[in-house]
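Return atomic coordinates for the entry below.
(2 chains)
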Amino acid sequence: SQQGEEDPQALSIQEGENATMNCSYKTSINNLQWYRQNSGRGLVHLILIRSNEREKHSGRLRVTLDTSKKSSSLLITASRAADTASYFCATVPVGSGAGSYQLTFGKGTKLSVIP
Amino acid sequence: NAGVTQTPKFQVLKTGQSMTLQCAQDMNHNSMYWYRQDPGMGLRLIYYSASEGTTDKGEVPNGYNVSRLNKREFSLRLESAAPSQTSVYFCASSGKEFAVINQPQHFGDGTRLSIL
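From the prediction side, this is the model:
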């Protein structure tokens, strides 16, 4: 079953603009992760935010987490054409077995950055 | 820096044929995973292996079997392929430190499988 749901499903912006994607999830989590997938490639891990963290930065990426609303957002600032990709949130639910961390993925947001 | 390597990259099968998808990682990770990705869907977990010698079912295990051959390799087998198994299959690995929960997964580039 899908745990995370991204919004919007697709987003088209001009180069230099900021892109914001949202993720909502259903059950309590240990952490939430964001991944990027370029066309025809595997997923690449971008950032992990733990359930006791509220905000995290990595370069041009800013992730927030609101556990009371069961939601997260990914902000990409000053977007570039190379940021064109699909972005997925994934959660590790509370109670995941020790030694293995079943990620549950959303359906993704397809971002197009127009040069 | 190979990371996670999947073979083959593309395959076409006929209904009823069998096939094994191969995955190897060189990051000394403990856990390995197999996912499938269908159009408009996120990834769904088929099977995973928490550590060498163990395997467990994920969300969509029917029609598949797995083998954790050693710490590096984790294979996925379709015994009798069906058109519903047409998908892109991804292998992933995680966890240099055993039982540490906050670690990302590293993915291969996928196997694109079509079943006619």
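
Tell me the residues of chain B that contact chain A?
Proximity of chain B to chain A (C-beta under 8 Å from any C-beta of the partner chain) is limited to residues B:4, B:30-31, B:33, B:40-45, B:48-51, B:56, B:58-59, B:90, B:92, B:94-95, B:98-99, B:101-110. Where C-beta positions appear, they are placed from N, C-alpha and C, glycine not excepted.

Quick check: B:G53 vs B:L78, distance?
Separation of B:G53 from B:L78 (C-beta to C-beta, to the nearest Å) stands at 23 Å.

what about those two, which has more around it?
B:L78 (20 against 9; other C-beta atoms under 10 Å in any protein chain shown).

Touching, that one and B:M19? I think so.
Yes - with contact defined as C-beta atoms under 8 Å, B:L78 counts as touching B:M19 (5.2 Å).

shared neighbours, these two?
Common neighbours of B:L78 and B:M19, using C-beta atoms under 8 Å, 6 or more residues apart in numbering or on different chains, are B:L13.

Contact partners for the residue nearest the centre of chain B?
In chain B, the residue lying closest to the centroid (C-alpha atoms, centre = their mean) is B:W34, at 2.5 Å. By C-beta under 8 Å, 6+ apart, the residues touching B:W34 are B:21, B:23, B:45-48, B:58, B:64, B:66, B:74, B:76, B:89-91.

so it sits in a helix?
No - counting by DSSP: H, G, I helix; E, B strand; the rest coil, B:W34 falls outside a helix, being strand.

Please tell me how far it sits from B:N65.
The gap separating B:W34 from B:N65 is 10 Å, by C-beta to C-beta.

One more: B:A2?
Distance, B:A2 to B:N65, by C-beta to C-beta: 25 Å.

Those two: who's more crowded?
Remark: of B:A2 and B:N65, B:N65 carries more neighbours, 14 against 9, as counted by other C-beta under 10 Å.

Ramachandran angles for that one?
phi -140, psi 160 (degrees, to the nearest 10).

May I ask which helix or strand of chain A has the lowest mean pLDDT?
Ranked by mean pLDDT, DSSP states H and E, the helix or strand of chain A with the weakest confidence is strand A:5-7, at a mean of 84.

following that one, which helix or strand comes up?
Using DSSP states H and E, the helix or strand that follows strand A:5-7 in sequence is strand A:10-14.

Could you list the buried residues of that next one?
A:L11, A:I13 (16 or more other C-beta atoms under 10 Å in any protein chain shown).

in its sheet, what does the following helix or strand past it sit against?
Downstream of strand A:10-14, the first helix or strand assigned by DSSP H and E is strand A:19-24. Take DSSP bridges as the rule and strand A:19-24 pairs in its sheet with strand A:5-7 (antiparallel), strand A:71-76 (antiparallel).

and the angle for strand A:19-24 with strand A:10-14?
With axes from the mean of the first three to the mean of the last three C-alpha atoms, to 10 degrees applied, the angle from strand A:19-24 to strand A:10-14 works out at 160 degrees.

What residues of whichever helix or strand comes after strand A:19-24 count as buried?
Per DSSP H and E, the first helix or strand lying C-terminal to strand A:19-24 is strand A:29-37. Within strand A:29-37, the residues scored as buried using 16+ other C-beta under 10 Å are A:I29, A:N30, A:N31, A:L32, A:Q33, A:W34, A:Y35, A:R36, A:Q37.
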